[in-house]
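Participant: Have a look; sequence and predicted model below, questions after that.
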Amino acid sequence: MTIVDIITVVVCGVFGFGLVWLLISAAQRFLSEKAGTRSDDAGNELSTPETQDDARSWHEVLGVDEGCSLDEIRQAYQSLIQQHQPDRVAPLGPEFVGVAEQRAKEINDAYQRALSLRQGQD
């Protein structure tokens with residue numbers, strides 16, 4: 001076995017471990033959300049927001065400033081919704097499709113709230 005083979009095995013092992021770790025942590029988050037609880041990175045349980053007032057605001061979900069323009073809102077929405085299409089993660093399994101559907105729903109709700117607020121200002 002040459003040094004190039006050893007380096008290749010190590011790099012692939014590290015990359016594979018990281019990918020599996022990400023997939024498992026995403027599945028755990030999905031299962032805890034499905035059960036009605038959330039947990040932080042340390043595994044501590046957090047309460048799930050019950051009302052719309054407790055939910056994240058539309059600009060936090062879309063990752064834009066509250067005073068941004070309608071074009072910036074549309075651009076952020078299109079970028080996020082494209083990243084979280086359930087069809088893109090379908091080969092990874094139903095857990096990931098569920099997570100993507102939940103995130104896409106959150107993004108769509110935030111976009112609708114942003115549009116209604118912006119149209120109300122005009």
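Facilitator: Looks like it came in fine.
Participant: All the helices of the chain, residue numbers only.
Facilitator: Per DSSP state H, the chain has helices spanning 3-34, 58-62, 70-83, 86-89, 94-121. These are given in chain order.
Participant: for those helices, which one ends up most surrounded?
Facilitator: helix 58-62 (a mean of 19; mean count of other Cβ atoms under 10 Å). (Glycine included, C-beta is placed from N, CA and C.)
Participant: so what are the domain limits for this protein?
Facilitator: The chain resolves into domains spanning 1-48, 50-122 when parsed by automatic domain parsing.
Participant: What distance do you get for the closest residue to residue 102 other than its chain neighbours to residue 26?
Facilitator: If the residues on either side of it in the chain are set aside, residue 102 comes closest to residue 33, at 6.8 Å by Cβ to Cβ, 6 or more residues apart in numbering. Residue 33 sits 11 Å away from residue 26, going by Cβ to Cβ, to the nearest Å.
Participant: Spell out which residues are contacts of both of those two.
Facilitator: Common neighbours of residue 33 and residue 26 are listed as residue 99 (criterion: Cβ atoms under 8 Å, 6 or more residues apart in numbering).
Participant: which outside residues touch stretch 73-86?
Facilitator: Residues outside stretch 73-86 that contact it (Cβ under 8 Å, 6+ apart) are 62-64, 97, 100-101, 103-104, 107-108, 110-111, 114-115, 118.
Participant: Need the CA coordinates for it. PDB is fine.
Facilitator: Provided in PDB are the C-alpha atoms of stretch 73-86 (Å, rounded to 0.1, in the frame of the first residue of the first chain):
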ATOM      1  CA  ILE A  73     -37.500  38.800   0.200                       C
ATOM      2  CA  ARG A  74     -38.300  37.000  -3.100                       C
ATOM      3  CA  GLN A  75     -34.600  36.200  -3.800                       C
ATOM      4  CA  ALA A  76     -34.100  34.800  -0.300                       C
ATOM      5  CA  TYR A  77     -37.300  32.700  -0.600                       C
ATOM      6  CA  GLN A  78     -36.400  31.300  -4.000                       C
ATOM      7  CA  SER A  79     -32.900  30.300  -2.800                       C
ATOM      8  CA  LEU A  80     -34.200  28.700   0.400                       C
ATOM      9  CA  ILE A  81     -37.100  26.800  -1.100                       C
ATOM     10  CA  GLN A  82     -34.800  25.500  -3.800                       C
ATOM     11  CA  GLN A  83     -32.500  24.100  -1.200                       C
ATOM     12  CA  HIS A  84     -35.200  22.500   0.800                       C
ATOM     13  CA  GLN A  85     -37.200  20.700  -1.900                       C
ATOM     14  CA  PRO A  86     -38.400  17.300  -0.600                       C
END
